[in-house]
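Participant: With the input below, show me the fold.
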Amino acid sequence: MGSFSIWHWLIVLVIVMLVFGTKKLRNIGQDLGGAVKGFKDGMKEAEGGDSQKIGDAASKQTIDAEAREKNKS
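Facilitator: Here you go, the predicted structure:
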C-alpha cells in the first residue's frame, strides 16, 4: 500500500472531470490563479515600503479626544 501509481491518478482525474465537468474546473482554475496573482501583488506592495506610508498616514489621522458626560437638563 505505497504511493499511488500514474494509473490511479489518471482514473481519479477522469472521475473528477465527469463529476464537475471541464467548464467548472476551468472556472475554479481561473479563480485560483486570480487569487494567487492578487496575493503576489499584495506581497510586492508590502515589501516596497507602501505599508510604511500607510502607517504614517494613519498616525497623522489620529484624533485625541476626551469623553464627557451629557448634562441631563
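
Participant: quick one: the strands in the chain?
Facilitator: Ranges of strands in the chain, per DSSP state E: none exist.

Participant: in it, which spans are helices?
Facilitator: 6-20, 22-47, 50-60 (DSSP state H).

Participant: Mind checking these for the one nearest to residue 70?
Facilitator: helix 50-60 (29.8 Å; C-beta to C-beta). For the C-beta atoms, the positions are set from N, CA and C on the backbone; glycine is no exception.

Participant: mean confidence score for the closest one?
Facilitator: Model confidence over helix 50-60, given as mean pLDDT, is 54.

Participant: one step back: hey, least reliable of the helices of the chain by pLDDT?
Facilitator: Confidence, taken as mean pLDDT, is least for helix 50-60 of the helices of the chain (a mean of 54).

Participant: Kindly tell me how buried residue 43 is, as a neighbour count.
Facilitator: 10 (other C-beta atoms under 10 Å).

Participant: Who are the contact partners of it?
Facilitator: Listed by C-beta atoms under 8 Å, 6 or more residues apart in numbering, residue 43 has no contact partners.
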